[in-house]
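Colleague: One predicted model, sequence on top.
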Amino acid sequence: MAAKRSAGIVLFRRGKRSDPEVLLAHPGGPFWAKRDAGAWSIPKGQIEDGEDPRACALRELREELGAEGAPALEREQLLELGAVRQRGGKVVEAWAAEAEFDPGCLASNTFALEWPPRSGSERDFPEVDRVEWFDLREARRRILPAQAELLERLLARLDGA
């Protein structure tokens, strides 16, 4: 069976110093509620069969941040960062884009989950319960370990630009 594939976008903005700041998303739902360091992610989602990964990344950005507030990005604005493999085997293809986003405008899609387990009750939870801008040092601490490589690639791309 092929590994699951996701696509996402590392949003960045120029920080107060020379290093950029990146926008990371904290996953919603009860399993992630008390997790912080090593739990955050870039906004991303599963690539559907036959879907262009770049189109998926743009779609997921709108779904996870909220269609109204998410930056209106074009494919041509995306800097390719390549792919990383997460611990569970999922492959994440990523791009970067410079854009602003107000975390107070977050309006993530939701998902249904039986909660509490075996209760027979379904509850809706946001895919992303919060987003924050982090400098690279703090972002490296918060992001899923496998995705930290994407931050290094972003920095290398910006240093080479």
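Modeller: Perfect, I can see it now. Numbers count the residues shown, from 1 in each chain.

Colleague: which strand is the longest one in the protein?
Modeller: strand 5-14 (DSSP state E).

Colleague: Tell me the helix or strand right after that strand.
Modeller: Where DSSP states H and E defines the elements, the next helix or strand beyond strand 5-14 is strand 20-27.

Colleague: Tell me the gap between that next one and the middle of its chain.
Modeller: The chain centre lies 7 Å from the centre of strand 20-27; the measure is C-alpha atoms, centre = their mean, to the nearest Å.

Colleague: Who are the packing partners of that strand?
Modeller: strand 5-14, strand 128-135, helix 136-142, helix 148-160 (3 or more C-beta pairs under 8 Å, 6 or more residues apart in numbering; DSSP states H and E). Just so you know, the C-beta spots here come from the backbone N, C-alpha and C atoms, and that holds for glycine as well.

Colleague: Compare the ones you listed and give me the one nearest residue 29.
Modeller: With C-beta to C-beta, the closest approach to residue 29 among the helices and strands packed on strand 20-27 belongs to strand 128-135: 7.7 Å.

Colleague: where in this protein is pLDDT low?
Modeller: 1-2, 15-18, 161 (pLDDT under 70).

Colleague: Residue 4: how many residues sit nearby?
Modeller: By other C-beta atoms under 10 Å, the residues close to residue 4 number 13.

Colleague: residues contacting it?
Modeller: Going by C-beta atoms under 8 Å, 6 or more residues apart in numbering, residue 4 touches 46, 89-91.
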